[in-house]
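1. kindly return the folded structure for what I paste below:
(4 chains)
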2 protein chains.
Amino acid sequence: MQDYIKTDKGYAYEYPRAAVTTDSVIFGFDGQELLVLLIKRGGEPYKGCWAFPGGFLNMDETVEECAFRELKEETGLEPDQMEQFGVFSAVDRDPRGRVLTVSFYALIKKEQVSGGDDAADARWFPINALPPLAFDHSDMLREALAALKRDIYHKPIGFMLLDEHFTMPQLQRLYEAILGEQFDRRNFQKKMLASGVVEEQGVERAMGHRPGKLFSFVPENYDQMKEHDSRAKEF
Amino acid sequence: MQDYIKTDKGYAYEYPRAAVTTDSVIFGFDGQELLVLLIKRGGEPYKGCWAFPGGFLNMDETVEECAFRELKEETGLEPDQMEQFGVFSAVDRDPRGRVLTVSFYALIKKEQVSGGDDAADARWFPINALPPLAFDHSDMLREALAALKRDIYHKPIGFMLLDEHFTMPQLQRLYEAILGEQFDRRNFQKKMLASGVVEEQGVERAMGHRPGKLFSFVPENYDQMKEHDSRAKEF
DNA sequence: AATTATTTGTGTAAAAAATACGCAAAACTA
DNA sequence: TAGTTTTGCGTATTTTTTACACAAATAATT
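-> The predicted model follows:
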């Protein structure tokens, strides 16, 4: 399978081609706020600006593989799951030329990155206090967040932001941070338990207040959750 | 903005590049079944197979513009709205070389195509009786359908498949065809009216049975619909 | 003109889900 | 031991969803 001609000038095609990149919006959680992982750009364009990790597609990989590889190269992270949420293809979105990007988001336990953080230029920012972003990454973030809010009802992704064991209030704070609204403690717990995606695991060692019960995620109930919330049973 | 070198062999780049195409899954409705518009491929690869309309990205257009243009060129159709639902990038998905496709779906009133149908090779197929499809278009259809089912709750796209005026049973048959399940007539109507997205418009001229009331879509209530169904108020 | 077949219109009662809300218990601090 | 914070738990009310049956309007048939 070869559709190009190798010349002394590089790889030549009959028609011009756009370059393809992937970008990844990585969400984290500090127990209170939703965070985003950004990388400070070392080179032009947008030198010194912050941007999402990402890079050019190789010829032997899918866009999913590309997003995963670039993320690992730039941050050391290897998320369990990456969700594709859109393609950005404005003609002038990259000053270097015609570059089209396929965007993903993933959820990461914050500790994972502080450990293997080879890129000294990677930093977490609270979602509500971001520096200026490179390219069209502000739009991208907006869409990533919209996708996350949409998906959190159908996919068990929220749990990826928490430790294996967590208290109900912790889980609730996460949902509140993502969805940007407040819920009633008692009703939140009631629904969570009713959905069957969490199970009791013990009691936390508390600090300064009554200790909460610990819960963990029940993977077997992924699909059930999907079912459960894929909207009203009857139209 | 120029990132290539023009040689006698074509457009040369420092690194190899994948080609980018768009494909469009066009849904129609015959009052009973959900239909898909396919095009018979005239050339290799997959000559004689059926495929979704689509083609290569030009350098001066976004992927949305490309999908729209290709669709118009191949079928004469100009849908009001096209929804992007995924990128297909398996390395070997196209025998011609590395080709990555951005996929869209759109909903069309069936009459529109029978009119301006310059492509004699375009045909509607019932979604449950499709011929063998080219490339990875079977996967693509599956995902398009999943996206459509997801979106029909949040976006007022369903109405694009109906005439301006329609009866409640017609609307219901459409929803049933898309979602693949049956609903109670009375409850369906109750919810539709409660959502405010339809308003009464008169009475149909009937044939062989009691005539139904005609309804039409209320565009102002798009957002409300979105709101209405963006899930439970409290988590 | 009356009968039949088909399809539509409408309302109400029961069940389930969502919401609002209050008080007691466990840890830490002073 | 009293005060503060945060969690655990249960019930009454409201809203939404579901189940369900009979009457009315047309066209075709006799």
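2. ok, A:V203 - how many residues close by?
-> 12 (other C-beta atoms under 10 Å in any protein chain shown). Glycine gets a C-beta too; all of them are placed from N, C-alpha and C.
3. so it bridges to which residues?
-> Beta-bridge partners of A:V203, counted by DSSP bridges, are A:K213.
4. how about A:V102?
-> Legend: beta-bridge partners of A:V102 under DSSP bridges are A:T22, A:V87.
5. quick one: residues contacting it.
-> For A:V102, the contact set (C-beta atoms under 8 Å, 6 or more residues apart in numbering or on different chains) comprises A:20-23, A:63, A:67, A:84, A:86-87, B:87, B:89.
6. out of those residues, who's nearest DNA strand D?
-> In terms of C-beta to the nearest atom of the strand, no member of these lies closer to DNA strand D than A:G86, at 29.0 Å.
7. next, the buried residues of the lengthiest helix in chain A.
-> Longest helix of chain A, by residue count under DSSP state H: helix A:137-151. Using 16 or more other C-beta atoms under 10 Å in any protein chain shown as the test for burial, helix A:137-151 gives A:137, A:140-141, A:143-145, A:147-148, A:151.
8. before we move on, what about stretch A:24-43?
-> Buried residues in stretch A:24-43, counted by 16+ other C-beta under 10 Å: A:24-29, A:34-41.
9. taking these, tell me the two that lie furthest apart.
-> Comparing every pair within those by C-beta to C-beta identifies A:F29 and A:R41 as the most remote, at 25.0 Å.
10. tell me the residues of chain A that contact DNA strand D?
-> Residues of chain A that fall close to DNA strand D, judged by C-beta under 7 Å from any atom of the strand: A:167-169, A:185-187, A:189-190, A:208-213, A:232-234.
11. can you rerun that using 10 Å?
-> Selection of chain A residues close to DNA strand D by C-beta under 10 Å from any atom of the strand yields A:167-173, A:184-190, A:193, A:200, A:203-204, A:206-215, A:231-235.
12. sitting in strands, which of these do you find?
-> Residues of the residues of chain A next to DNA strand D located in strands (DSSP state E): A:167, A:200, A:203, A:213-215.
13. out of the residues you listed, the closest to DNA strand C would be?
-> Closest to DNA strand C, out of all of those and judged by C-beta to the nearest atom of the strand, is A:V203, at 6.8 Å.
14. wait, the closest one sits on A:R210?
-> No - the pair A:V203 and A:R210 does not pass the contact test of C-beta atoms under 8 Å, sitting 10.0 Å apart.
15. residue contacts, A:F88?
-> Applying C-beta under 8 Å, 6+ apart, the residues near A:F88 are A:100-101, A:103, A:136, A:139-140.
16. and the spatially most central residue of chain A, helix, strand or coil?
-> What sits nearest the mean C-alpha location of chain A, by C-alpha atoms, centre = their mean, is A:A106, with 2.5 Å. State at A:A106, reduced to three classes by DSSP: H, G, I helix; E, B strand; the rest coil: strand.
17. contact partners for it?
-> Taking C-beta under 8 Å, 6+ apart as the test, what A:A106 contacts is A:24-27, A:71, A:77, A:79, A:81-83, A:160.
18. so how far is chain B from A:K190?
-> To chain B, A:K190 is 10 Å away according to C-beta to the nearest C-beta, to the nearest Å.
19. coming back round to it: from the contacts of A:F88, which two are the most distant?
-> A:L100 and A:D139 (14.1 Å).
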